[in-house]
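# model the structure of this input:
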Amino acid sequence: MSALDLAALGLFVVCWLAYQPLLRLLARQRGGVINTDLMAIRAAWMRNMVARENRFMDGQLLGHALNSASFFASSNLILIAATAGALFGGENTFRSVSALEVIRTSSRFLFEFQLALVLVSLARGLLDFIWSIRQMNYCIATVGAVPEGLTPEEAKVFGDVAARLLNPALSSFNSGVRGYYFALSAGAWLFGPYAFMAATIGSMGLLFWRQRRSPAARAIADLRRLVESRPPAPPAQGDGGGDPIS
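Numbers count the residues shown, from 1 in each chain. Next up, the predicted model:
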């Protein structure tokens, strides 16, 4: 492995490990990133959920998020299987890939290390999706467990606890999706160290732009301001005979 390959690998590892801390630092100093804005919006959602007498819509929304995480986890497994198949394909796979003009790999060791990095990136994302699915199942149970006839103080406590479950669940989902960006960057190493560095920097730049400057980020920031400017909804005053999740 050349010094340039090692430098490109070091850049990738630094970007992978530093992304989340840098995003949190940016949110504290300047505000207005999607992840932190959505945490406030989800907390408002859970407070509104507690205040509703009929929570069927909330269960449907959580079910949709759960299905999305399951889809990504299944797709991740397919990609992991394909990458592992190439990694353990032996000398024949290495020779076939090395015959391509666009591939820049100097040895079988480097080729296997490149594929292993892609595999690790995908596996990390899969673990995040699995943890997200488990936490969302906890959230669904929470929605069903919220009692009716709560006082405003009790409703706030239940809503805050539900948000403390929902936010980590969807943050884990976001981490799993982010794993695709770094897996693509790792895959670019097959085209040479310069392509690897360019893909890593490009992925970081794209992620930060989408978090801070994209139209979606601006709309979500506006929505957070609108949500936080309204007083909390009072708890529903039902007759006590309704089903909270029907």
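# show me what the longest helix seen in the chain is packed against.
Longest helix of the chain, by residue count under DSSP state H: helix 108-145. Taking 3 or more Cβ pairs under 8 Å, 6 or more residues apart in numbering; DSSP states H and E as contact, the helices and strands that helix 108-145 lies on are helix 3-30, helix 56-87, helix 91-98, helix 152-187. (C-beta placed from N, C-alpha, C; glycine too.)
# now do the second one: distance to the chain's middle.
Going back to what we said before, that points to helix 56-87. 11 Å (Cα atoms, centre = their mean, to the nearest Å).
# cool, and the last one?
In this view, helix 152-187 has its centroid 7 Å away from the chain centroid, taken as Cα atoms, centre = their mean.
# that one vs helix 56-87, what angle?
20 degrees (axes from the mean of the first three to the mean of the last three Cα atoms, to 10 degrees).
# after helix 152-187, next one along is what?
helix 193-212 (DSSP states H and E).
# in the helix or strand that that next one is followed by, what counts as buried?
For helix 193-212, the following helix or strand on the C-terminal side (DSSP H and E) is helix 215-229. Of all the residues in helix 215-229, those buried under the rule 16 or more other Cβ atoms under 10 Å are 217, 220-221, 224, 227.
# pLDDT weak spots in this protein?
The chain contains residues with pLDDT under 70 at 29-31, 90, 93-94, 96-106, 232-246.
# now do 50
Where the chain drops to pLDDT under 50, the residues are 239-246.
# can you tell me which residue is spatially central in it?
Relative to the mean C-alpha position of the chain, the nearest C-alpha, by Cα atoms, centre = their mean, is the one of N174, at 1.0 Å.
# coming back round to it: next, the angle from the longest helix of the chain to helix 152-187.
160 degrees.
# which parts of helix 108-145 are buried?
110-115, 117-133, 135-136, 139-140, 142-143.
# one step back: include distance to F158 when you put the buried residues of helix 215-229 into CSV, please.
As requested, those are exported to CSV (distance: Cβ to Cβ, whole Å):
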residue, distance to F158
A217, 30
I220, 25
A221, 27
R224, 22
V227, 18
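# re the thing from before, residues contacting the nearest residue to the residue nearest to the centre of the chain once chain neighbours are set aside?
Leaving aside its chain neighbours, N174 sits nearest to N35 (6.7 Å; criterion: Cβ to Cβ, 6 or more residues apart in numbering). By Cβ atoms under 8 Å, 6 or more residues apart in numbering, the contact list for N35 reads 23, 27, 171, 174, 211.
# run a quick neighbour tally on the second one.
When you say that, I think you mean A27. Using other Cβ atoms under 10 Å, A27 has 18 neighbouring residues.
# one more: the first one?
Here the number of neighbours of L23 (other Cβ under 10 Å) works out to 18.
# relative to A155, which of the buried residues of helix 215-229 is nearest.
Among the buried residues of helix 215-229, V227 lies closest to A155 (Cβ to Cβ), at 16.4 Å.
# wait, the closest one touches R42, no?
No. V227 is beyond contact range of R42, at 10.2 Å (criterion: Cβ atoms under 8 Å).
# quick one, which of the helices and strands packed on helix 108-145 gets closest to M197.
helix 3-30 (4.8 Å).
# report the angle between the closest one and helix 108-145.
Going by the same axes, to 10 degrees, helix 3-30 makes 20 degrees with helix 108-145.
# quick one: end-to-end length of stretch 22-38, please.
Taking Cα to Cα, to the nearest Å, the first and last residues of stretch 22-38 lie 17 Å apart.
# list the buried residues for that stretch?
Result for stretch 22-38 [16+ other Cβ under 10 Å]: buried residues 23, 26-27, 32-38.
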